[in-house]
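S.K.: Need the 3D shape of this:
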Amino acid sequence: MSNLEELDLGSTSLDDIKGLERLSLLSNLKVLKLDNNILSNSILSSLSALSSLKTLHLSNSYLHGSIDIGEGRGTCLNACTALYRIKTGRERDLPHFTGHKSEGRGITVQAHTLPGANLKTKLGAQSGDFAAMLGAGLNICVPLAGWLRHFPWPATISNHREPPPTGGNHLQPPPPMANNYLLQPSITISFTCLKRLDKLKILSLSYNNFNASILQSLPWSLETLDLRRTNLQGLVMSNGLDGLKHLQDLYLDYTSINQSFLDNIGVMSSLRVLTLRGIGLNGSLPNKGWCELSNLQELDLSDNGFKGMLPSCFGDLTSIRLLDLSSNQFTGNLALSPLTNLTTLEYLFLSYNHFKIPPSFISFFNHSKLKVFLGDNNRLSDQTESQTWIPRFQLQVFSLPNCGSNKLGMKLPHFLFYQYDLRVIDLSHRILVGKFPVWLLENNTRLESIILRNGYFTGPFLLPSYPNPYASIIDISDNHLEGPIPTNIGLFFPNLFSLNMSTNRFEGYIPTSLGDMHSLLELDLSNNILSGQIPEHLVIGCSLLSFLQLSNNNLYDQISPFFVNSTWLEYLYLDNNHFVGKIPNIMSLPPSLVVFGISNNHLSGELPKWMGNMTKLNGINMFSNHFEGPIPIELCKLGQLEFLDLSENNLSGYIPSCFNSSSMMIHVHLNQNKLRGPMTFSFFNSSSLVTLDVSDNNLSGTIPSWIGTLSMLSILVLKFNNFEGEIPVQLCQLKQLTILDLSQNNLSGPVPHCLIDISFETTYTKSSVMTNGWRHKLAFPVWDFVNGSKSLGEDDTLHYANDRFRSLNIHQQVGFTTKYGFYSYKGKLLDYMSGVDLSCNHLTGQIPIEVGKLNNIHALNLSHNNLTGSIPTTFSHLRQIESLDLSYNNLNGRIPQLIELNNLEVFSVAHNNLSGPTPDQKAQFATFEESSYEGNPLLCGLPLKTNCTKILPTLTTSKVLHREEYGGFIDMEVFYVSFLVSYIIVLMGIVAVLFINPHWRRAWFHLIEVCMTSWYYFVLDNFTKLWSSRNV
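M.R.: Residues are numbered from 1 along each chain as shown. Have a look, this model is predicted:
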């Protein structure tokens, strides 16, 4: 075996280095793989005799502690002078699913992307040792050819990418999350040993912290250098890069670079690949240096702040194949830019800029090699197609969504008629008009993805002449297509992964042939006029279906019992249809369900108890049906349930007390049912609860004091119940509260002063409804379309990102009464809404002045109570208020000047005891009518008919004004009490005097006796005369 050149001992459960010394007999050994073992740090010394070794794999070998190789102790790194590359670190393959293949290329359905790295190595203190390169998770001398990346980072089909590192399909630096595992060196590292490796061509130092001075030690032989995310501060050319005359590939993504670096970039004329993604520079690109890079083939300047026009020198990059300028602020018309001269371009990525792109695309007429054009989120110029031209290129990817234009009703670019090799086309979110372009399917027989959503296409959806086995995504949603869905659609697209035909005008039955799409993962036919039943063949045939949305149609009959066999189904939306019947007592839904939406139907019966066994359920939306009976206590078993809406049914009984601290509930809607009894401990200590709506029931008792434990509560709606007692002060502990509605109850006592402790600030959690389901993504690898690219990796993928397919498609909606009407708030409107409604109760006392300091609320309703006193002048601080209703109380005094409330739309103080002039008819107060002030007889001024006079002639009026100065009318309760007390005091005084003075007592009793005798004879005489006259 002395001639053995490659030895693989990876994953062989080695836990020691004993015996590795014998490897010295393999004098010709060039490749040694020891990865996925448990090795000690002396491994390098054990391999020192392998002088011919070129490649050493130590990945996932759990090196840790100190690597100490003192003077005189040989190591592989000192002795193995032929070393070409060293691979250290830890990689973890991610799950992925491969669909159909087309000449070796496939579409990938990617699952969670949670990469990791874990090299636990602490550096030794010996200077001059190359062993120091193994420290702190360094990924050294990574091999090139054929080493596929395993860390896909998602991009969308609209080509918006997150900022992960770009890497070639040959180069794999640790992903961003790897930083959590790196151990930082605590000593000074010396890299002078690098110069000894005069055969070293490939070096990766990514994801580490070191000083830029190490670049002075780089060997001149380097051809590839990876410095991504190395935290180099202010890298300049003089740091040593200008001496690397053979350097061809330079990766500097997410590394701090000095502005002067780009000014001197021309000295590196040997460069073929340069990636500068996310380097933190902005401003205009220098108009020098680029001209010398005539060998440059791949340039990545994405995710920076560059702006302005492209430098004219870009036109000299005559070898450029791949150019990525995305996510900047570049401007200018592409028809006049130097890009028109770069006829060698194969991949052009311009998304998320301010370019003006000519819709005719005639500027790229001579770009015969162009295969990929990604230009979403720019502007379309107003150029019109004045002539017909035949392009020299054949695009494979053409993506131009979200591009605004001053012209409405644009047609598809004419050059697309001459494209026959398109694989991906995305023209969504553009107002394109005309009939459905079936010719795109006819001409491009290998088309994999066609996305035309949110346009203005009309007419029927037509099928091509021949089936397309390559098609994986069709999205024609949000258009004006009509007619029936072709009955044989499943035969023409048998390998579809995603079909979205929602929000059109399709009618008729759901085609049974959809069940022939055995690879289908996502199906959305919502918001159409479809009728009939759900085909059984669809439910049974599409066994991989994960997302099914049939909402807002005219479907009827009972829910198919075959759903229970759809073991991959996670999202099921059947709301707003005409389904009838009961949900069976036996299991009829798959346990894989994450979201179940069946609201606005005609279902009846009791809620099935077996729903408690669907432990993955994250959202239940069953409102507006005819369900009855109690809420099953089994629902408390759903530990992942975040959204529960059972409102507008006939549910009765008590609210289960098990929805407490053990649950993950965020939004709960139980309103408009027949629930009764006190709330006991139903949601005690539910710290994640954001929305609680139990309005319009028969709940009774007091508002529980544990309400203060709901620390995240933002919406509390208890109206239309029978709650009594005072408003608990614990309510003021809800610091996140923005909507408080306690109206239509029997609450008494004062308005709490502590409401000032609640800021009522805008929150963005009220409308947020998330899901924990599996969020698959359909991905097209970009590098498949550009052969031989070194800067593109699996993070450069086109992802079909339909949010409906990966989020909880349930609308969080809350009703609130304001501006004399009942409104339903959802989305951003719900986030911004804030208000307090305590109307229609029995609240007493004065309005606390603190209420006037709630300057973030938009609505305040205290009407129909027994509030007294004056309106606080602090109400002038309610700058955001839009609706203020204080009517039907016992308020008195003057109305304070509130003309600074510029947002006020509704104002009412009707039916109180207010007096004096109305507010000045300025700003918003000039819009209020007489009804806002009626029922206050002593109010005067516009818009009332009673005029206020400066001189009041009558005494009565003077007395009224006098009383107003001291608070208005007499408080009758105080008058009655004082009168009674005075009467008792006078009576007791007389008794005391008669008891003390016997002379006065005898005189008093004698007086009483005389009076009684006189009254006796007076009554007797007059009664006798009256009786005699009546008898006559």
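
S.K.: The closest residue to residue 674 other than its chain neighbours: what's it in contact with?
M.R.: By the measure of CB to CB, 6 or more residues apart in numbering, the closest residue to residue 674 outside its immediate chain neighbours is residue 652, 4.4 Å from it. For every residue, glycine as well, the C-beta is placed using N, CA and C. When contacts are counted by CB atoms under 8 Å, 6 or more residues apart in numbering, residue 652 is found next to 628, 629, 630, 673, 674, 675, 676.

S.K.: run the last query once more with 10 Å
M.R.: For residue 652, the contact set (CB atoms under 10 Å, 6 or more residues apart in numbering) comprises 628, 629, 630, 631, 673, 674, 675, 676, 697, 698.

S.K.: For the stretch 401-550 of the chain, which segments are assigned as strands?
M.R.: For the stretch 401-550 of the chain, the strands identified by DSSP state E, counting those that start in this stretch occupy 424-426, 433-435, 449-451, 456-459, 473-475, 480-484, 498-500, 505-509, 522-524, 529-532, 547-549, in order along the chain.

S.K.: could I get those as a markdown table with distance to residue 1013, mean neighbour count and mean pLDDT?
M.R.: Converted to a markdown table, the strands of the stretch 401-550 of the chain look like this (distance: least, CB to CB, whole Å; neighbours: other CB atoms under 10 Å; pLDDT from 0 to 100):
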| stretch | distance to residue 1013 | mean neighbour count | mean pLDDT |
| --- | --- | --- | --- |
| strand 424-426 | 116 | 26 | 93 |
| strand 433-435 | 114 | 14 | 90 |
| strand 449-451 | 114 | 24 | 93 |
| strand 456-459 | 110 | 16 | 93 |
| strand 473-475 | 112 | 23 | 94 |
| strand 480-484 | 108 | 16 | 96 |
| strand 498-500 | 109 | 24 | 94 |
| strand 505-509 | 105 | 16 | 96 |
| strand 522-524 | 105 | 25 | 94 |
| strand 529-532 | 102 | 16 | 96 |
| strand 547-549 | 102 | 24 | 94 |
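
S.K.: Output these as CSV; include the columns distance to residue 641.
M.R.: Formatted as CSV, the strands of the stretch 401-550 of the chain follow (distance: least, CB to CB, whole Å):
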stretch, distance to residue 641
strand 424-426, 36
strand 433-435, 45
strand 449-451, 34
strand 456-459, 40
strand 473-475, 31
strand 480-484, 37
strand 498-500, 27
strand 505-509, 34
strand 522-524, 24
strand 529-532, 30
strand 547-549, 19
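
S.K.: thinking again about what came up before, a strand runs through the residue nearest to residue 674, doesn't it?
M.R.: Yes - with DSSP: H, G, I helix; E, B strand; the rest coil as the criterion, residue 652 is part of a strand.

S.K.: Just the local confidence number for it, please.
M.R.: Looking at residue 652, its pLDDT is 95.

S.K.: From residue 677, how far off is it?
M.R.: 10 Å (CB to CB, to the nearest Å).

S.K.: Please enumerate the shared neighbours of the two.
M.R.: Taking CB under 10 Å, 6+ apart as the contact criterion, the common neighbours of residue 652 and residue 677 are 697, 698.

S.K.: which helix of this structure spans the most residues?
M.R.: The helix that spans the most residues within the chain, counting by DSSP state H, is helix 998-1031.

S.K.: chain center to that helix, what's the gap?
M.R.: Its chain's average C-alpha position is 94 Å from that of helix 998-1031, according to CA atoms, centre = their mean, to the nearest Å.

S.K.: State the pLDDT value of residue 16.
M.R.: pLDDT, read off for residue 16, is 56.

S.K.: I meant residue 132, not that one.
M.R.: Residue 132 carries a pLDDT value of 32.

S.K.: repeat for residue 563
M.R.: Among the per-residue scores, residue 563 shows a pLDDT of 88.

S.K.: Okay, helices next: where are they in the stretch 451-600 of the chain?
M.R.: For the stretch 451-600 of the chain, the helices defined by DSSP state H, counting those that start in this stretch cover 489-492, 536-541.

S.K.: Serialize these to JSON lines and add fields for distance to residue 214.
M.R.: Conversion of the helices of the stretch 451-600 of the chain to JSON lines gives the following (distance: least, CB to CB, whole Å):
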{"stretch": "helix 489-492", "distance to residue 214": "60"}
{"stretch": "helix 536-541", "distance to residue 214": "61"}
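
S.K.: Against which helices or strands is the strand or helix carrying residue 914 packed?
M.R.: Element membership for residue 914, per DSSP states H and E: strand 913-917. Packing contacts for strand 913-917, counted by 3 or more CB pairs under 10 Å, 6 or more residues apart in numbering; DSSP states H and E, involve strand 890-893, strand 938-940, helix 955-965.

S.K.: Now the element after the first one, going C-ward?
M.R.: So the one you mean is strand 890-893. Sequence order places strand 906-908 as the next helix or strand after strand 890-893, per DSSP H and E.

S.K.: Run a quick neighbour tally on residue 1018.
M.R.: 10 (other CB atoms under 10 Å).

S.K.: circling back: mind giving me a markdown table with the helices of the stretch 451-600 of the chain and columns for mean neighbour count?
M.R.: Below are the helices of the stretch 451-600 of the chain laid out as a markdown table (neighbours: other CB atoms under 10 Å):
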| stretch | mean neighbour count |
| --- | --- |
| helix 489-492 | 19 |
| helix 536-541 | 18 |
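
S.K.: Export these as CSV, with columns for mean pLDDT.
M.R.: Formatted as CSV, these follow (pLDDT from 0 to 100):
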stretch, mean pLDDT
helix 489-492, 94
helix 536-541, 93
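
S.K.: can you tell me which of these comes nearest to residue 455?
M.R.: The minimum distance between residue 455 and the helices of the stretch 451-600 of the chain falls on helix 489-492, with 19.7 Å, by CB to CB.

S.K.: Off-centre distance for that closest one?
M.R.: Computed by CA atoms, centre = their mean, the separation of helix 489-492 from the middle of its chain amounts to 35 Å.

S.K.: Can you tell me what sits against that helix?
M.R.: Helix 489-492 has contacts (CB under 10 Å, 6+ apart) with 441, 461, 463-469, 471, 474, 486, 496, 499, 501, 511-518, 520, 537-538, 541-542.

S.K.: do that again at 8 Å, thanks
M.R.: When contacts are taken as CB under 8 Å, 6+ apart, the neighbours of helix 489-492 outside the stretch itself are 463, 464, 466, 467, 468, 486, 511, 513, 514, 515, 516, 517.

S.K.: Out of those, flag the one nearest to residue 715.
M.R.: Residue 715 has its nearest neighbour among the contacts of helix 489-492 in residue 514, at 39.7 Å by CB to CB.

S.K.: For the chain, which segments are assigned as helices?
M.R.: Assigned helices in the chain, in chain order: 43-46, 76-79, 259-263, 438-443, 489-492, 536-541, 827-832, 955-965, 972-996, 998-1031 (criterion: DSSP H).

S.K.: I'd like to know which of the ones you listed is closest to residue 717.
M.R.: Distances from residue 717 to each of those were compared using CB to CB; the shortest belongs to helix 827-832, at 12.3 Å.

S.K.: For the stretch 351-500 of the chain, give me the ranges with low pLDDT.
M.R.: Scanning the stretch 351-500 of the chain for pLDDT under 70 picks out 383-387, 406-409.

S.K.: that older thread, for residue 854, find the nearest of the helices of the chain.
M.R.: Scanning those with CB to CB as the criterion, the closest one proves to be helix 827-832, at 15.5 Å.

S.K.: With just CA atoms, put that closest one into PDB.
M.R.: Listed next in PDB are the C-alpha coordinates belonging to helix 827-832 (Å, rounded to 0.1, in the frame of the first residue of the first chain):
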ATOM      1  CA  GLY A 827     -54.300  44.800   9.100                       C
ATOM      2  CA  LYS A 828     -52.500  48.100   9.500                       C
ATOM      3  CA  LEU A 829     -55.700  49.900  10.500                       C
ATOM      4  CA  LEU A 830     -56.000  47.700  13.500                       C
ATOM      5  CA  ASP A 831     -52.400  48.300  14.400                       C
ATOM      6  CA  TYR A 832     -52.900  52.000  14.400                       C
END
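
S.K.: Could you tell me the average pLDDT over that helix, please?
M.R.: Averaging pLDDT along helix 827-832 yields 81.

S.K.: and that helix, how far out from the chain's middle?
M.R.: Relative to its parent chain, helix 827-832 has a centroid offset of 13 Å by CA atoms, centre = their mean.
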